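Peer 1: The sequence isn't on hand, but the structure is:
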């Protein structure tokens, strides 16, 4: 097989969905006709990840989020100042291609990012229902404390934030990756699907957590685990690396994982 | 002085700004002509706060956020299900008036919520500039570790999340309450005002924290402390209680503080 180009790989990635008219998933830097020497998948294409891609001689980075600290590139470029300019220059000098892979995997059926998280948790057998923005599971009954410990261990994350009595027994669980923790999705699932525990990446603090607080005060069985945005979506990008390695056996494929953004103190 | 009514107190609260045409700051429950027996100020009018107000015979709750886990009441009411109905019924039976005080204090000059936080931190003497959505300070040079410890102690909060080398020496600080941690405000200040440490309530994880991560990787002096939305705005509502107690010496005025939403583990 001839060495695939950047565009060949992009075409294969978007094929299960078909081209979207409006999407942030574009080639952010680099030449689409360039033969690919190696692939890096990652959640966030940080300065460090780009440097590591160069050091590993991988010239295609497939990243879930954007380059410049914003969902929409123009806004990020306009305000990113010196940090933007240095990163942009690094990209131009290195010639690394960066493709954003955000909207497409979320439209795979089921959502490839959600699926990656559930696979990493080894909870695939417990899925009752995949909705577009959430998956509903029936876990073997366990306490919140046990689930928190299990999730931290399986995902290898040092800290989570959670709500609810650690001794509460739970079975009906909703899993929402990324910034899907808002009330429109999460509170609706709590109320309409009798979800007991919501596990999400990130969401506004004044919505779902405040619903959970009032529900607990009213004596209801409700709990919440907030993983962090990156922590919830990183397994999906790791699974992508595994798939690409199978698809392109001649190409080195790496998943580069970030340290957690925050120190907890 | 005659016992003030709910409307009298609202009128005095909005006077420094003048009536806004579009605002979420409305009377959410209760009768505006009711004589006030006692006032509770709080960040979030939770089920527990409302119960405590009733127990303290305070029939006016002044809250920064809304009743039903949403910035806009209609959305919250539509999806809040049983939790909404029980809380709504409690309000009707208790007759407690709930006034939201969000947009007005943010338009006080300077922003009364930001001012409350800076006062609680005893940093008033270090303010260089008040912008509408941020205040800029020059603190006596201190390490990030020292500032994290100081902030936690002064605000009496058990945990914060932060980024940066704990030994980094810092002086130029930006303070942003509530959900002002987005890149449009915070990254712009980092770049245009040479802010070294941003302290904010809440913001999207893929914006400002990712800017800080790349800036650190590029060797720049940048740090971030994320207080929590409630933790950043609660001091402003506490300061309001102090002001109201001076203004209405015949009325019992209480500030009810919440426990932090999350367990950190």
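Peer 2: Everything's here; your move. Because the structure is predicted, anything quoted here is derived from the model rather than measured.
Peer 1: what does the stretch 101-250 of chain A have sitting close to chain B?
Peer 2: A:148, A:152, A:159-163, A:166, A:179, A:183-184, A:187-188, A:190-192, A:202, A:204-211, A:213-215, A:217-218, A:220, A:226, A:228-230 (CB under 8 Å from any CB of the partner chain). Placement of C-beta: from N, CA and C, glycine included.
Peer 1: Select only the buried ones of these in ChimeraX?
Peer 2: Buried residues among those (16 or more other CB atoms under 10 Å in any protein chain shown), as a ChimeraX selection:
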select /A:148,152,159,160,161,162,163,179,183,184,187,188,190,191,202,204,205,206,207,208,209,210,211,213,214,215,217,226,228,229,230
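Peer 1: Return the subset of the residues of the stretch 101-250 of chain A next to chain B lying in strands.
Peer 2: Members of those lying in strands (criterion: DSSP state E): A:161-163, A:226.
Peer 1: so which of those comes closest to chain B?
Peer 2: residue A:161 (3.7 Å; CB to the nearest CB).
Peer 1: Give me the below-cutoff pLDDT ranges for chain A.
Peer 2: Within chain A, the segments meeting pLDDT under 70 span A:1.
Peer 1: And the residue nearest the centre of it, how far from residue A:245?
Peer 2: Centroid check for chain A by CA atoms, centre = their mean gives residue A:233 as the closest residue, at 1.6 Å. Taking CB to CB, to the nearest Å as the measure, residue A:233 falls 19 Å from residue A:245.
Peer 1: what do you get for residue A:50?
Peer 2: Here the criterion is CB to CB. By it, residue A:50 lies 21 Å from residue A:245.
Peer 1: ok, now residue A:155?
Peer 2: Distance of residue A:155 to residue A:245, computed by CB to CB: 21 Å.
Peer 1: one step back: can you redo the ones in strands among the residues of the stretch 101-250 of chain A next to chain B as JSON lines with distance to residue A:134?
Peer 2: Formatted as JSON lines, those follow (distance: CB to CB, whole Å):
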{"residue": "A:161", "distance to residue A:134": "19"}
{"residue": "A:162", "distance to residue A:134": "18"}
{"residue": "A:163", "distance to residue A:134": "18"}
{"residue": "A:226", "distance to residue A:134": "15"}
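Peer 1: Buried residues in stretch A:105-113, which are they?
Peer 2: Using 16+ other CB under 10 Å as the test for burial, stretch A:105-113 gives A:105-107, A:111-113.
Peer 1: quick one: which of those sit in helices?
Peer 2: A:105-107, A:112-113 (DSSP state H).
Peer 1: Surely residue A:178 and residue A:229 touch.
Peer 2: Yes: the pair residue A:178 / residue A:229 is scored as a contact, 5.8 Å apart, by CB atoms under 8 Å.
Peer 1: and the residue of the stretch 101-250 of chain A found nearest chain B, what is it in contact with?
Peer 2: Chain B sits closest to residue A:191 of the stretch 101-250 of chain A, with a gap of 3.2 Å, by CB to the nearest CB. Contacts of residue A:191 were listed using CB atoms under 8 Å, 6 or more residues apart in numbering or on different chains, and they are B:79-83.
Peer 1: What about chain A: which of these touch it?
Peer 2: B:79-83.
Peer 1: Can you pick out the most distant pair from the residues you listed?
Peer 2: Largest separation among the ones next to chain A among the contacts of residue A:191 by CB to CB: B:79 and B:82, giving 11.3 Å.
Peer 1: on that earlier part again, which entries within the ones next to chain A among the contacts of residue A:191 meet the buried criterion?
Peer 2: Burial by neighbour count, 16+ other CB under 10 Å: within those this picks out B:79-81, B:83.
Peer 1: which of the residues you listed lies closest to chain A?
Peer 2: Using CB to the nearest CB, those come closest to chain A at residue B:81, 3.2 Å.
Peer 1: ok, that closest one to residue A:209 distance?
Peer 2: In terms of CB to CB, residue B:81 sits 16 Å off from residue A:209.
Peer 1: in stretch A:254-265, what's buried?
Peer 2: The neighbour-count check on stretch A:254-265 (16+ other CB under 10 Å) flags A:254-258, A:260-263, A:265 as buried.
Peer 1: List, out of those, those positioned next to chain B.
Peer 2: Answer for these near chain B (CB under 8 Å from any CB): A:258, A:261-263, A:265.
Peer 1: closest to chain B among those residues?
Peer 2: Using CB to the nearest CB, those come closest to chain B at residue A:262, 3.7 Å.
Peer 1: Not counting sequence-adjacent ones, nearest residue to the closest one?
Peer 2: residue B:161 (3.7 Å; CB to CB, 6 or more residues apart in numbering or on different chains).
Peer 1: what lines up beside the longest strand seen in chain A in the sheet?
Peer 2: Determined from DSSP E, the single longest strand within chain A is strand A:134-143. If you go by DSSP bridges, strand A:134-143 pairs up with strand A:127-131 (antiparallel), strand A:169-176 (antiparallel).
Peer 1: In strands only, show me the ones next to chain A among the contacts of residue A:191.
Peer 2: Assignment to strands by DSSP E places none of the ones next to chain A among the contacts of residue A:191 there.
Peer 1: In CSV, list those along with distance to residue A:75.
Peer 2: What follows is the ones next to chain A among the contacts of residue A:191, written out as CSV (distance: CB to CB, whole Å):
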residue, distance to residue A:75
B:79, 30
B:80, 33
B:81, 36
B:82, 40
B:83, 36
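Peer 1: Quick check: neighbours shared by residue A:178 and residue A:229?
Peer 2: A:201-202.
Peer 1: give the contact list for residue A:99.
Peer 2: Counting by CB under 8 Å, 6+ apart, residue A:99 touches A:6, A:9-10, A:13, A:25-28, A:60-63.
Peer 1: try 6 Å
Peer 2: A:10, A:27, A:62 (CB atoms under 6 Å, 6 or more residues apart in numbering or on different chains).
Peer 1: List the neighbouring strands of the strand or helix carrying it plus their orientation.
Peer 2: Using DSSP states H and E, residue A:99 maps to strand A:97-100. Sheet partners assigned to strand A:97-100 using DSSP bridges are listed as strand A:27-29 (antiparallel), strand A:60-63 (parallel).
Peer 1: What's the first helix or strand after the shortest one?
Peer 2: Just to be clear, that refers to strand A:27-29. With elements assigned by DSSP H and E, the helix or strand that comes after strand A:27-29 is strand A:39-42.
Peer 1: which residues touch that next one?
Peer 2: Under CB under 6 Å, 6+ apart, the answer for strand A:39-42 is A:49, A:53, A:58, A:60-63, A:237, A:240-241, A:244, A:253-256.
Peer 1: Can you flag which of those residues belong to strands?
Peer 2: Mapping the contacts of strand A:39-42 onto strands (DSSP E) picks out A:60-63, A:253-255.
Peer 1: okay, among these, which ones form the most distant pair?
Peer 2: With CB to CB as the measure, no two of those lie farther apart than A:63 and A:253, at 14.0 Å.
Peer 1: In the stretch 151-265 of chain A, mark out all the helices, start to finish.
Peer 2: Under the criterion DSSP state H, counting those that start in this stretch, helices of the stretch 151-265 of chain A are mapped to A:183-192, A:208-217, A:229-247.
Peer 1: OK, now which residue of the stretch 1-150 of chain A is nearest to chain B?
Peer 2: Nearest residue of the stretch 1-150 of chain A to chain B, counting by CB to the nearest CB: residue A:81, 3.2 Å away.
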